[in-house]
Structures are given as C-alpha cells and as structure tokens.
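Enquirer: Got a sequence here, can you model it:
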Amino acid sequence: MNGQLAGLKVITYEELVSEERTRQVAAAVLDGLAAGANAAAASRAGYYSHNTTVYTPRGTYTATTTGYSPAAAAIAQSNATAQNEAMIGATIERGQQNLAMLEQAVMKTIRCSLESGTAANCICNRSPAQATAESSIALP
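Expert: Sure thing, here's the model as predicted:
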C-alpha cells in the first residue's frame, strides 16, 4: 500500500471452524436464556386478576377477582414450546449451514514455491470433493 509493505494475516480453515463453533456456543446459550424466559412467561399465563368498581347507594366499592385458567395456561405452554423448538432448530440449522459453507468455500491448504525468482506457483487444495487448481502469480 502506497509503496510500503503490508502484512497479510492468513486465517486457516481450522481457525474459521473454531470461530464458528464459538459462535454456535454463544447462540446456544442465548437461545437457552430466551427459551427459559419464554417458558417462565408462559407459566404465568393462566393466572388472572380483574378489578371491578361497584356503585351502590351506600357508596363505591372496589372488588378484585383473581383466578387460574388451566386452558389458558395449557395454550400458552404449548405456544411457548413450539416457539422454543423453532428457535433452537433454526439456530442448529444455521450452524450446520455455516460449517457446510466453510467446508465448500474455504481453501484448506496452500503450497507456494518460488521458481527462478520471478514467479510463484501456487497449488490450492479445496475440499476433497473439489479438484486441485493451479495458478501462477507474477512477482515484481
């Protein structure tokens, strides 16, 4: 850059996989927290409380009615379970897709050898399913 040498950090496939696995662990922890909060909220869904004002010739009174609805609780728990399963399933799928993308897209090894000081021949090996590609890079 601007006539100066610049360092180039080579990130290995193993480093990328390690970063992805760390991201997956963090996502799993956050999913667990979210699922727990969702389940806790659903566990309170069956309880209710209503305030009522009653007007009589003797004055105004406030009455509070509280109770529990098993049907509302069951519906909320069922919804929370489905939401949590979908959230966790999506996180697992995204992690698997990311690892599959790394497997397909990232060069795993690079071998370069100098020939006569003018060019570097590089052999780039990708995943086992892909063929080996060769290229030459001219050096100044």
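Enquirer: longest helix of this protein?
Expert: Counting by DSSP state H, the longest helix found in the chain is helix 70-105.
Enquirer: Could I get the buried residue list for that one?
Expert: 73, 76, 80, 84, 88, 95, 98, 102 (16 or more other C-beta atoms under 10 Å). Using the backbone N, CA and C atoms, a C-beta is placed for each residue, glycine as well.
Enquirer: any chance of the residues you listed in a markdown table, with pLDDT and distance to S49 too?
Expert: What follows is the buried residues of helix 70-105, written out as a markdown table (pLDDT from 0 to 100; distance: C-beta to C-beta, whole Å):
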| residue | pLDDT | distance to S49 |
| --- | --- | --- |
| A73 | 92 | 15 |
| A76 | 95 | 16 |
| A80 | 96 | 21 |
| N84 | 96 | 27 |
| I88 | 95 | 33 |
| G95 | 94 | 42 |
| N98 | 93 | 46 |
| L102 | 87 | 52 |
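Enquirer: Considering these, which is situated nearest to Y48?
Expert: A73 (10.4 Å; C-beta to C-beta).
Enquirer: Could I get the contacting residues of that closest one?
Expert: Going by C-beta atoms under 8 Å, 6 or more residues apart in numbering, A73 touches 42-43, 45-46.
Enquirer: Among these, name the buried ones.
Expert: Using 16+ other C-beta under 10 Å, the buried ones in the contacts of A73 are 42, 45-46.
Enquirer: OK, contacts around the closest residue to A35 other than its chain neighbours?
Expert: Distances taken as C-beta to C-beta, 6 or more residues apart in numbering put N84 closest to A35, at 4.1 Å, once the chain neighbours are dropped. N84 sits next to 34-35, 38-39 when contact means C-beta under 8 Å, 6+ apart.
Enquirer: hmm, which of these are the buried ones?
Expert: 35, 38.
Enquirer: Which of the contacts of N84 fall in helices?
Expert: Using DSSP H, the contacts of N84 in helices are 34-35, 38-39.
Enquirer: Pretty sure N38 sits against A80.
Expert: Yes - counting by C-beta atoms under 8 Å, N38 does reach A80; the two are 4.8 Å apart.
Enquirer: Quick check: neighbours of the helix or strand T60 falls within in the sheet, parallel or antiparallel?
Expert: According to DSSP states H and E, T60 maps onto strand 59-68. If you go by DSSP bridges, strand 59-68 pairs up with strand 47-56 (antiparallel).
Enquirer: All set now, cheers.
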